[in-house]
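> Got a predicted model here, sequence first, then my questions.
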Amino acid sequence: MKFQKIILPVLVLLFASCASSKFNSKGANWYKGNLHTHSYWSDGDDYPEMIMDWYKTHDYDFVVLSDHNTLAEGEKWKLIPKSPSHESGFQKYLKKYGDQVIYREDSLGRIEVKLKTLAEYAPMFEKEGEFLIIQSQELTESFEKKPLHMNVTNIQKLIPAEGGNSIPEILQNGLDSVKAQRDSTGVPMFLHINHPNFVWAITPEDIIELNGERFFEVYNGHPQVNNYGDSLRPSMEVLWDKVQAAYLQAGKPILYGLAVDDAHNYHVFDQNSSNPGRGWVMVLSESLDPASLVQAMERGDFYSTTGVTVKSIDFDGETLSLKIKPEAGVSYKIQFFGTKTNRPDESGVLLAEFEGKKASYKLGEDDMYVRAKVISSKLKENPYQVGDTETAWIQPVIRY
C-alpha cells in the first residue's frame, strides 16, 4: 500500500494540537530508551544477555536489538573470533551466566556459542513497568554501494530487503512495507532513517521525496556517521531543518529527530569504537509497553539527548517552554531554531537564545515551526567526538 502524496495542512495542525497537549497529561512518566543497538546476531561483538544487562544496570527503561536484516529467532551459532577482547568477552559471559551458556569446541579449538533468541533472553530481564525489550530490525539495503539503513521499532515479522531503482524508492519501499505490516497486524510500529551521512548515503533531497516518514537520527553515536557534516555536506541538524521546511510546505507531518547509540562494541570503550551510552530518547508515555511508547513518539512526546535531562516541556499551541533539571556546576544554553514562512529557503534560523535552566519562545504567525536545543557545559563521557558536551534536542512544534 502506498502512502498518499498530499496530506491536507489542516490535518497537520490537528496533529500538532494532539502532540502538544500530551506534555501536560497526568499519569504519564518519562522513560529512557535506545532504539538502535547491535549484538552477535549480526555485527555487534557481544551476547544479547550481556548487552541487556549493560542497559538495565545503566538505568534504561527500554531498549531494542536492531540487528541487520534478522530477528533473534531460530537457531544461530556464533564462532568467537580469535582476539583478546572477544575471548575475554566469552569468559565474562561464561562466568556471569554459567550453565545457561550453550557452546561447543571444534577440532581446531575454536569456540562456537549458541545465541539466545529474544523469546529466551527477554524473560531474564523484563519486568513490567521497569524494563522492556522491544523487537526491532535494521532493514539494510544499498544502492550504488551506498548504505541505506532503516530501523523498524516494534516489528512483528521480518521484512526482507526489497531493493529499488533509486535511493528514495528503496526508502519508500521500506516505509510502505512497515505500513502494510502495521495495517495487517494492528500493532503500532514505525520506521526511522538511520545515520543519513554514513558514507554520505542519504541527502535531504532523498528524504524530501518520501511520503510517510516521521523519524530520523539527528544524532548517532557511531564514530563514522558524520553527524556534523563537512564543508560541502550538511550536518544532521541542517538536514533536519531543510527537510522539515519542505515537509510542512507540502502538507506533510512533522519530522522528529532521534538520538541513538548504534552500539556495536562492548569490550573496548574509546573514540574509535561504537559504544553504548552515547545517545538516547526520553519518552513521555502513559505506560512502559511498546504500543504506548510508539504512539507517544508519534505524537512528538519525547526528546533526544546525550545527557541533558529536561524537567518539563510545555506547548500550548503558541508558546514552547522548557525547564532543565540542572546539575551542580553545569551551565546551560537554550536555543530555538525555526524557519519563516516567507523565507522557506532559509531553513533552521536561530530565532532566540537564552542562558539558564528555563526558556520560552512564542511562535509568530510567520514561524513555520520551532524546535529547541539545549547545550550544556558538561563534557560528554566517552563522546562521539572529542570536545562534545552533553546536549538535548526538543522536537519541533507548529503554531495552532
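Sure thing, it's come through.

> what's next to stretch 239-251, contact-wise?
For stretch 239-251, the surrounding residues in contact (CB atoms under 8 Å, 6 or more residues apart in numbering) are 6-9, 11-12, 196-197, 203-204, 207-208, 216, 218, 229, 234, 253-255, 257, 337, 339, 344, 347-348, 368-369, 371, 396, 398. Using the backbone N, CA and C atoms, a C-beta is placed for each residue, glycine as well.

> Can you give me the buried ones in that stretch?
239, 240, 241, 242, 243, 244, 245, 246, 247, 248 (16 or more other CB atoms under 10 Å).

> ok, now stretch 202-216?
Within stretch 202-216, the residues that count as buried by 16+ other CB under 10 Å are 202-204, 206-216.

> could you dump these to CSV with secondary structure, pLDDT and distance to residue 55?
Compiled in CSV, the buried residues of stretch 202-216 are given as follows (DSSP: H, G, I helix; E, B strand; the rest coil; pLDDT from 0 to 100; distance: CB to CB, whole Å):
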residue, secondary structure, pLDDT, distance to residue 55
202, coil, 98, 27
203, coil, 98, 33
204, helix, 98, 32
206, helix, 98, 32
207, helix, 98, 29
208, helix, 98, 34
209, coil, 98, 35
210, coil, 98, 30
211, coil, 98, 34
212, coil, 98, 30
213, coil, 98, 27
214, coil, 98, 24
215, strand, 98, 20
216, strand, 98, 22
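
> Columns distance to residue 272 on top of those residues, output as JSON lines?
Formatted as JSON lines, those follow (distance: CB to CB, whole Å):
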{"residue": "202", "distance to residue 272": "24"}
{"residue": "203", "distance to residue 272": "27"}
{"residue": "204", "distance to residue 272": "28"}
{"residue": "206", "distance to residue 272": "29"}
{"residue": "207", "distance to residue 272": "29"}
{"residue": "208", "distance to residue 272": "33"}
{"residue": "209", "distance to residue 272": "35"}
{"residue": "210", "distance to residue 272": "33"}
{"residue": "211", "distance to residue 272": "38"}
{"residue": "212", "distance to residue 272": "36"}
{"residue": "213", "distance to residue 272": "31"}
{"residue": "214", "distance to residue 272": "33"}
{"residue": "215", "distance to residue 272": "28"}
{"residue": "216", "distance to residue 272": "25"}
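
> nearest to residue 297, of those?
Distance to residue 297 across these (CB to CB) is lowest for residue 215, with 7.4 Å.

> which residue packs closest to that closest one, ignoring adjacent ones?
In this structure, residue 215 finds its nearest non-sequential neighbour in residue 192, 3.6 Å apart by CB to CB, 6 or more residues apart in numbering.

> Show me what the helix or strand hosting the one you found pairs with in its sheet, parallel or antiparallel.
According to DSSP states H and E, residue 192 maps onto strand 190-193. In the sheet, strand 190-193 lines up against strand 146-153 (antiparallel), strand 215-220 (parallel) (DSSP bridges).

> Which of the residues in the first one are classified as buried?
The one in question is strand 146-153. Buried residues in strand 146-153 (16+ other CB under 10 Å): 148, 149, 150, 151, 152, 153.

> what's in contact with the helix or strand that comes right after it?
As assigned by DSSP H and E, the chain's next helix or strand after strand 146-153 is helix 167-185. Residues outside helix 167-185 that contact it (CB under 8 Å, 6+ apart): 1-3, 139, 141, 143, 146, 148, 150, 152, 155-157, 159, 162-164, 187-191, 193, 201-203, 206-207, 209-213.

> Next, the angle strand 146-153 makes with helix 167-185.
Using axes from the mean of the first three to the mean of the last three CA atoms, to 10 degrees, the inter-axis angle of helix 167-185 relative to strand 146-153 is 20 degrees.

> Distance from the chain centre to helix 167-185, please.
Centroid separation between helix 167-185 and its chain, computed with CA atoms, centre = their mean, to the nearest Å, is 18 Å.

> what's the offset of stretch 65-77 from the middle of its chain?
With CA atoms, centre = their mean, you get 19 Å for stretch 65-77.

> in that stretch, what's buried?
Result for stretch 65-77 [16+ other CB under 10 Å]: buried residues 65, 66, 67, 70, 71, 72.

> so can I have TSV of these showing pLDDT and secondary structure?
TSV is the format used below for the buried residues of stretch 65-77 (pLDDT from 0 to 100; DSSP: H, G, I helix; E, B strand; the rest coil):
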residue	pLDDT	secondary structure
65	98	strand
66	98	coil
67	98	coil
70	98	coil
71	98	coil
72	98	coil
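
> can you put these in a markdown table and add distance to residue 320?
Shown next, in a markdown table, are the buried residues of stretch 65-77 (distance: CB to CB, whole Å):
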| residue | distance to residue 320 |
| --- | --- |
| 65 | 34 |
| 66 | 31 |
| 67 | 37 |
| 70 | 40 |
| 71 | 38 |
| 72 | 39 |
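
> tell me, what residue is most central in this protein?
residue 258 (3.9 Å; CA atoms, centre = their mean).

> Show me what the host helix or strand of it is packed against.
Element membership of residue 258 [criterion: DSSP H and E] is strand 256-260. Packing contacts for strand 256-260, counted by 3 or more CB pairs under 8 Å, 6 or more residues apart in numbering; DSSP states H and E, involve strand 215-220, strand 280-285, strand 302-305, strand 389-397.

> Run through this structure and note the low-pLDDT ranges.
Flagging of the chain using pLDDT under 70 yields the residue ranges 1-25.
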